[in-house]
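Undergrad: The following block contains a protein sequence and its predicted model.
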Amino acid sequence: MHSVAILALDDVVPFDMAAPMQAFDWTRLPDGRSPYRVSLCAESPEVRTEGLTLRIERGLEALETADTIIVPGRSEESGPPSDRVLDALRRAAGAGTRIASVCVGAFVLARAGLLDGLRATTHWMAAAELARRHPRVDVRPDVLYVDNGQILTSAGAAAGLDMCLHMIRRDLGSAVAAHAARMCVVPLEREGGQAQFIVHEHPPVPRGSELEPVLRWIEDNLAGEVTLGAMAARSGMSERTFGRRFREQTGTTPLQWLLGARVRRAQYLLENGDQSVERIARQSGFGSPTAFRERFRRVVGTTPYAYRAAFRAKTSASPDGSEAPLAVSHGQ
């Protein structure tokens, strides 16, 4: 069973905490079993919320055995988290635990140094402040959530629910995640027409890893036919050994990583040029435009045409000649 620990700090926002609890609690496997064990943990036995005081049964030691840690948002008046909390999060990250934030919970992750060098998001009203306080974080205010593999961040409370469903789908597949979404009475993945596109990053690979050369080769050959056998041969391993080591070091499969690389290449081409969708499909390695459209929509949540149109809208010129961001509503 997968253990999910929700870290409740003083002045925690109740819905930021309740949304992930609901998503994981209501997830069921086809045989009816619950795949997740959800628990609240905190530094102290009592935690304040808006008008409520929560009694918490588990302390920070719960973070040591959790498979996933969720950090909800806190009120604006909250002080910085304690060194004990930050150290516990750093140790969990060092152990490979998946850590995700809801809304302004991203400030806690950033203060712990877990977002340095990564793309991240938070509630749109707090995005500029997050960027100011933590200049090493690449803050993206116009996405629902950002998946960096081990570290995830979401824009607002409702976007946190989207992120949790995304993690459930990543863990257990679309059918299980779709059932959880129905139980939560929300769509499995919201349409991207609001320009709140999900940024899919490659899972991090340790520097100096034996996988680095083959990953560079994949990036250089996305337009060609890259198979599992070719990847394994390039690394000098059998397919079985390569697949096992790849998952150990990245948390995903070689073919899932390849799909992510192709989507990112397509996103870049859509954002930075006027090439036809047919040409982008070929250059990204999707083969036919039909396959490209279907897989792009499945991963990004919208069509290549809508993605390009929204991205151009985001960088349309304002009256003074500067680039004006697209006005969007976040966390809704």
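TA: Thanks, I have it.

Undergrad: Which helix or strand lies directly C-terminal to the worst-scoring helix or strand of the chain on mean pLDDT?
TA: One helix or strand of the chain scores below all others by mean pLDDT, DSSP states H and E: strand 199-200, with a mean of 57. Counting by DSSP states H and E, the element after strand 199-200 in chain order, helix or strand, is helix 212-220.

Undergrad: can you map out the helices along the stretch 1-150 of the chain?
TA: If DSSP state H, counting those that start in this stretch is used as the criterion, the helices of the stretch 1-150 of the chain fall at 14-25, 62-65, 83-94, 106-111, 127-133.

Undergrad: Out of these, which one sits most buried?
TA: A comparison of the helices of the stretch 1-150 of the chain by mean neighbour count, using mean count of other CB atoms under 10 Å, puts helix 106-111 on top with a mean of 24. (Each C-beta comes from the backbone N, C-alpha and C, glycine too.)

Undergrad: Please list the outside residues in contact with that helix.
TA: With CB atoms under 8 Å, 6 or more residues apart in numbering as the contact definition, helix 106-111 has outside contacts at 9, 71, 74, 80-81, 85-86, 89, 99, 101, 115-116, 120-122, 126, 130, 133-134, 137, 151, 153.

Undergrad: Strands along the stretch 101-250 of the chain, start to end?
TA: Under the criterion DSSP state E, counting those that start in this stretch, the stretch 101-250 of the chain contains strands at 119-120, 138-139, 145-147, 151-154, 199-200.

Undergrad: low-scoring stretches of this structure, by residue?
TA: Applying pLDDT under 70 to the chain flags residues 187-208, 251, 301, 310-332.

Undergrad: beta partners of the spatially most central residue of it?
TA: Residue closest to the average C-alpha location in the chain (CA atoms, centre = their mean): residue 147, at 2.0 Å. Beta-bridge pairing for residue 147 (DSSP bridges): residue 152, residue 200.

Undergrad: Surely it touches residue 166?
TA: Yes - with the criterion set as CB atoms under 8 Å, residue 147 and residue 166 qualify as a contacting pair; they are 6.6 Å apart.

Undergrad: Could I get the contacting residues of residue 95?
TA: Counting by CB under 8 Å, 6+ apart, the residues that residue 95 touches are residue 64.

Undergrad: For burial, what's the neighbour tally of residue 170?
TA: A total of 17 residues lie near residue 170 under the criterion other CB atoms under 10 Å.

Undergrad: same question, residue 225
TA: Counted with other CB under 10 Å, the neighbours of residue 225 add up to 8.

Undergrad: I'd like to know how many residues surround the residue nearest to it when sequence neighbours are not counted.
TA: Nearest residue to residue 225, sequence neighbours excluded (CB to CB, 6 or more residues apart in numbering): residue 285, at 7.8 Å. Taking other CB under 10 Å as the neighbour definition, residue 285 ends up with a count of 20.

Undergrad: try residue 169
TA: For residue 169, the number of neighbouring residues by other CB under 10 Å comes to 18.

Undergrad: Make 39 the starting number, not 1.
TA: Yep, numbering from 39; the last one is residue 207 now.

Undergrad: can I assume it is in contact with residue 215?
TA: Yes - between residue 207 and residue 215 there is a contact at 3.6 Å, judged by CB under 8 Å.

Undergrad: Please tell me I have it right and the residue nearest to residue 263 contacts residue 261.
TA: Yes - between residue 323 and residue 261 there is a contact under CB under 8 Å: 5.3 Å.

Undergrad: so what are the domain limits for this structure?
TA: With automatic domain parsing as the criterion, the domains of the chain are listed as 40-238, 250-352.

Undergrad: Any quick PyMOL command for the buried ones out of the contacts of helix 144-149?
TA: PyMOL command restricting the contacts of helix 144-149 to the buried ones, with burial defined by 16 or more other CB atoms under 10 Å:
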select buried, resi 47+109+112+119+123+124+127+137+139+153+158+159+160+164+168+172+175+189+191
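
Undergrad: which other helices and strands contact the helix or strand hosting residue 295?
TA: Using DSSP H and E, residue 295 sits in helix 292-310. Using 3 or more CB pairs under 8 Å, 6 or more residues apart in numbering; DSSP states H and E as the contact definition, the elements that helix 292-310 packs against are strand 237-238, helix 250-258, helix 266-273, helix 277-288, helix 315-322, helix 327-338, helix 342-352.

Undergrad: Would you mark the buried spots in that helix?
TA: Residues of helix 292-310 classed as buried: 292, 295-305, 307-308 (neighbour count, 16+ other CB under 10 Å).

Undergrad: That'll do, ta.
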